[in-house]
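coords please:
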Amino acid sequence: MPNSADRGRRTREQLIDAAAALVGEVGWGAVTTRLVAERAGVNAALVHYHFSSVSDLLSTAALRFAARMLAESAEAVRSVPPAEGVERIFEDLSRFTGAAPESLLLAEAFLAAHRLPELRAGLSALVADFRAHIAGWLRDSGVQDADAVALLLGAAIDGLVLHRALDPSVDFRAVAGPFRRLVAG
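Here you go, the predicted structure:
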């Protein structure tokens, strides 16, 4: 039988998962304590037991999702040459439909970051870390201007995800060729 600490961790995880899903379904501003508790299958009082506010919960959920997504992208390229890595990154982005809850969670988080300094700092640190990993990978592969190329690649990823939210026909793989040439030197 799980002890109270294990139950508390499990409840916290359920709340984070519920909040992440709800942002993508109803929008950041429409997520309430009641909605999260219902989705997680817990008493509403537990939301505020585990988080200081709904914004704190939503920020935690968004940062966790962004960290996982960026870590997966950085890991996918770690042991391959840049041309193949760029191809993998853009292929992986295809899962972001622009209308899927995970796409909307990221878009909403970037917007909310302008009002929530802690979320902004967290997202900023994650993005900087991702760029540093990508720049190191490019540098180790002999790509010139690795820091600038990493910045450009990160900005392109963000922009493409936003473009796809507006136009579902955007095919991320279409830009893989120009990026392959960029990293080929």
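
which residues touch D171?
S94 (Cβ atoms under 8 Å, 6 or more residues apart in numbering). Every C-beta, even on glycine, is put in place using the N, C-alpha and C of the backbone.

that one and E87, how far apart?
Relative to E87, D171 is positioned 13 Å away (Cβ to Cβ, to the nearest Å).

return the set of buried residues in stretch 101-114.
101-110, 112-113 (16 or more other Cβ atoms under 10 Å).

over to stretch 60-70?
Applying 16+ other Cβ under 10 Å to stretch 60-70 flags 60-67, 69-70 as buried.

these in helices, which ones?
Under the assignment DSSP state H, the buried residues of stretch 60-70 contribute 60-67, 69-70 to helices.

look at N43 and tell me its secondary structure.
With DSSP: H, G, I helix; E, B strand; the rest coil as the basis, N43 sits in coil.

report the separation between the closest residue to it other than its chain neighbours and A45.
Once flanking residues are discounted, N43 sits nearest to A37: 6.3 Å by Cβ to Cβ, 6 or more residues apart in numbering. Look at A37 and A45: by Cβ to Cβ, they are 8 Å apart.

between the ones in helices among the buried residues of stretch 60-70, which is closest to L151?
Of all those, L151 sits closest to L70, with 14.3 Å by Cβ to Cβ.

go ahead and flag the most central residue of the chain.
A66 (2.4 Å; Cα atoms, centre = their mean).

what about it, distance to V161?
The gap separating A66 from V161 is 11 Å, by Cβ to Cβ.

what sits in contact with each of these two?
L106.

show me where pLDDT drops low in the chain?
1, 185 (pLDDT under 70).

mind listing the helices for it?
Along the chain, the stretches classed as helices by DSSP H are 4-26, 33-40, 45-50, 54-77, 82-93, 101-112, 117-140, 146-166, 176-184.

show me what contacts the residue nearest to V77 when sequence neighbours are not counted?
Nearest non-adjacent residue to V77, counting by Cβ to Cβ, 6+ apart: G85, 3.3 Å away. Neighbouring residues of G85 by Cβ under 8 Å, 6+ apart: 76-77, 137, 183.

what is the neighbour count of the nearest residue to I89 once chain neighbours are set aside?
Distance criterion Cβ to Cβ, 6+ apart; nearest residue to I89, sequence neighbours excluded, is S73 at 5.7 Å. For S73, the count of nearby residues is 20 (other Cβ atoms under 10 Å).

now S73: how far from I16?
S73 is 21 Å from I16, where distance means Cβ to Cβ.

same thing with H48?
H48 is 14 Å from I16, where distance means Cβ to Cβ.

so for these two, which residue has more residues nearby?
I16 (22 against 14).

how near is that one to R164?
Here the criterion is Cβ to Cβ. By it, I16 lies 25 Å from R164.

over to L58?
Using Cβ to Cβ, one gets 23 Å for the distance from L58 to R164.
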